[in-house]
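Visitor: heads up, no residue letters with this:
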């Protein structure tokens, strides 16, 4: 596996944000779904905050048409900041949206050929370094964050890592599932990946949950443009080909996951995070109880 002192750090992260967000129409007709807010921060901001907490420096957005608002969100808003300063309003609320010059890169996917293709579009910027992947629809809430937990594991074992979560057996057919090997604490060796297995055939109840640390060699696999399920270039297929050639582990995330790709998950995340905020929790709890009383 090599000594940790020789292991390249994870400094780059890829965010595939080219999807059209059709499940949230008409809200996403003119606004990227990644810009829809969970309370007062857009969904993409939570993923970026998680990346920065993990020590990631360069953010690579794989975008499509109509996605410029995502890049603009992390740019300086000169007029807004000037007006706020003139009115003696604190600019601290904007601090998380500022990225160091040169550390934000946007590349176009142009054609929707799958998640694997979206990652491959970032190949020139990733270069020969390990890199993280964030699927922003998966809102991962924990302390430390999911990616920080993964980076700490990466510093131990190197190679490729994916985040996983335990789910009830009856839910495994909706997800990608790992075939587990030896386990030590939160770290489990990955022997195989199975996409949406039948409950009785699933090798485990550990599902892949939208965070990855991959070695750059995966780009060599993706460049073959091999199509998998749905006629798309699947990231899972490419990762499966890395098993056995490099160390491959899963990190069981100690925290909570919200599927913000669905309306129900989006509402759940908004309510759950509001109930954790000191400035809102008491009022939101009272409001929820009042609404539940009205519905009974």
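Guide: Now that the structure is in, tell me what you want to look at. Note that this is a predicted model, so its numbers are computed, not measured. Numbering: from 1, shown residues only.
Visitor: what pLDDT does residue 226 get?
Guide: pLDDT, residue 226: 65.
Visitor: brain fart, residue 236
Guide: Residue 236 is given a pLDDT of 85.
Visitor: can you tell me the closest non-neighbouring residue to residue 259?
Guide: Leaving out its chain neighbours, the residue that sits closest to residue 259 by C-beta to C-beta, 6 or more residues apart in numbering is residue 265, at 3.7 Å. Where you see a C-beta, it was placed from the backbone N, CA and C, and this is true even at glycine.
Visitor: please tell me how far that neighbour sits from residue 19.
Guide: 15 Å (C-beta to C-beta, to the nearest Å).
Visitor: ok, residue 168 touching residue 205?
Guide: Yes. The criterion here is C-beta atoms under 8 Å, and residue 168 meets it with residue 205 at 7.0 Å.
Visitor: with neighbour numbers in mind, choose between these two.
Guide: Between residue 168 and residue 205, counting by other C-beta atoms under 10 Å, residue 205 is the more crowded of the two (19 against 8).
Visitor: that one against residue 179, yeah?
Guide: No. Taking C-beta under 8 Å as the definition, residue 205 is not a contact partner of residue 179, at 11.8 Å.
Visitor: the residue nearest to residue 118 when sequence neighbours are not counted bridge partners, please.
Guide: Distances taken as C-beta to C-beta, 6+ apart place residue 16 nearest to residue 118, at 4.0 Å, with adjacent residues excluded. Counting by DSSP bridges, residue 16 is bridged to residue 62.
Visitor: now the strands for the stretch 151-296 of the chain?
Guide: 160-166, 176-184, 187-195, 206-214, 248-252, 256-259 (DSSP state E, counting those that start in this stretch).
Visitor: and residue 265 and residue 19? Which one has more around it.
Guide: residue 19 (21 against 16).
Visitor: residue 19 and residue 141: what is the separation?
Guide: From residue 19 to residue 141 the distance is 22 Å (C-beta to C-beta).
Visitor: same question but for residue 254, I mixed them up
Guide: 11 Å.
Visitor: which one's more surrounded, those two?
Guide: Using other C-beta under 10 Å as the criterion, residue 254 and residue 141 rank with residue 141 on top: 18 against 12.
Visitor: pLDDT below threshold where in this protein?
Guide: 1-6, 226-233, 295-296 (pLDDT under 70).
Visitor: quick one: the helices in it?
Guide: For the chain, the helices defined by DSSP state H occupy 43-53, 68-73, 78-86, 115-120, 123-126, 146-157, 218-222, 235-242, 263-274, 281-295.
Visitor: which one of those is the most hemmed in?
Guide: helix 115-120 (a mean of 24; mean count of other C-beta atoms under 10 Å).
Visitor: which residues sit against that one?
Guide: With C-beta atoms under 8 Å, 6 or more residues apart in numbering as the test, helix 115-120 has contacts from 14, 16, 18, 62, 109, 111, 133, 135, 218-219, 222-223, 225, 228, 232-238.
Visitor: go again using 7 Å as the cut-off
Guide: Residues from elsewhere that reach helix 115-120, judged by C-beta atoms under 7 Å, 6 or more residues apart in numbering: 14, 16, 18, 62, 109, 133, 219, 222-223, 233-235, 237-238.
Visitor: now distance to residue 27 too, for those, in CSV please.
Guide: Converted to CSV, the contacts of helix 115-120 look like this (distance: C-beta to C-beta, whole Å):
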residue, distance to residue 27
14, 25
16, 20
18, 18
62, 22
109, 22
133, 25
219, 34
222, 32
223, 36
233, 28
234, 28
235, 27
237, 32
238, 32
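Visitor: which ones are touching the residue lying closest to residue 109 once chain neighbours are set aside?
Guide: Counting by C-beta to C-beta, 6+ apart, residue 18 is the residue found nearest to residue 109 once chain neighbours are left out, at 4.3 Å. If you count contacts by C-beta under 7 Å, 6+ apart, residue 18 has them with 62-64, 67, 109, 112, 118.
Visitor: gap between residue 18 and residue 261?
Guide: The value you get for residue 18 to residue 261, if C-beta to C-beta is used, is 14 Å.
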